[in-house]
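K.L.:
below: sequence and its predicted model.
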Amino acid sequence: MRLVSDPVFGEMDITASAEELAGLAYAVAEGEGFIGSVPAQGGDALAGIEARKTPGPGVRIELDASRRVLVISGDPGARAVLADNLKGIAGAEAGAHIHIDYFPEHPYLVEGSVPIVINSPHGAIPTR
């Protein structure tokens, strides 16, 4: 998994294999686990993503800057929705990506969550 910050858009960019995304989906659904990241060129990658159980409501995505870890926490129902989104992109047949970022009345993210982009294991959206 490659996990880097996009300074232009303020998002965390996640690129991973189908197996890594499935593992992340499982960790998020269970509310526990750590998925490590590989160092990026320039050495500015995060160490990985940690999933945690919290009472909620909703899911919070935040950066633990001291450990250089993206933390995903929340209640079981909200984590399940996010896990389903992760499974969906892991199983995408072609190139794609999803943006997960907060907006008022978001169905599961809480305000203040770090926006993330998750890329399909097959790369970017194909051009026609």
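P.N.:
Sure thing, it's come through.
K.L.:
is Gly48 bridged to anything, and to what?
P.N.:
Beta-bridge pairing for Gly48 (DSSP bridges): Gly36, Val69.
K.L.:
what sits against it?
P.N.:
Contact analysis of Gly48 by Cβ atoms under 8 Å, 6 or more residues apart in numbering lists 1, 3, 34-37, 69-70. (Each C-beta comes from the backbone N, C-alpha and C, glycine too.)
K.L.:
and what of Gly58?
P.N.:
Each residue near Gly58 by Cβ under 8 Å, 6+ apart is listed here: 74-75, 78, 106, 108-110.
K.L.:
from Ile49, how far out is the nearest residue to Ser113 once chain neighbours are set aside?
P.N.:
Leaving aside its sequence neighbours, Ser113 sits nearest to Ile61 (Cβ to Cβ, 6 or more residues apart in numbering; 4.3 Å). Distance, Ile61 to Ile49, by Cβ to Cβ, to the nearest Å: 9 Å.
K.L.:
hang on, the earlier thing: so how far is Gly36 from the residue nearest to Ser113?
P.N.:
Distance from Ile61 to Gly36, by Cβ to Cβ: 17 Å.
K.L.:
between the two, point out the one with more neighbours.
P.N.:
Ile61 (22 against 12; other Cβ atoms under 10 Å).
K.L.:
same for the helix or strand containing that one, what does it pack against?
P.N.:
Secondary structure from DSSP states H and E places Ile61 in strand 59-64. Applying 3 or more Cβ pairs under 8 Å, 6 or more residues apart in numbering; DSSP states H and E, we find strand 59-64 packed against strand 69-74, helix 76-90.
K.L.:
contacts for that strand?
P.N.:
Applying Cβ under 8 Å, 6+ apart, the contact partners of strand 59-64 are 12, 46, 50, 54, 69-75, 78-79, 81-82, 100, 108-110, 112-116.
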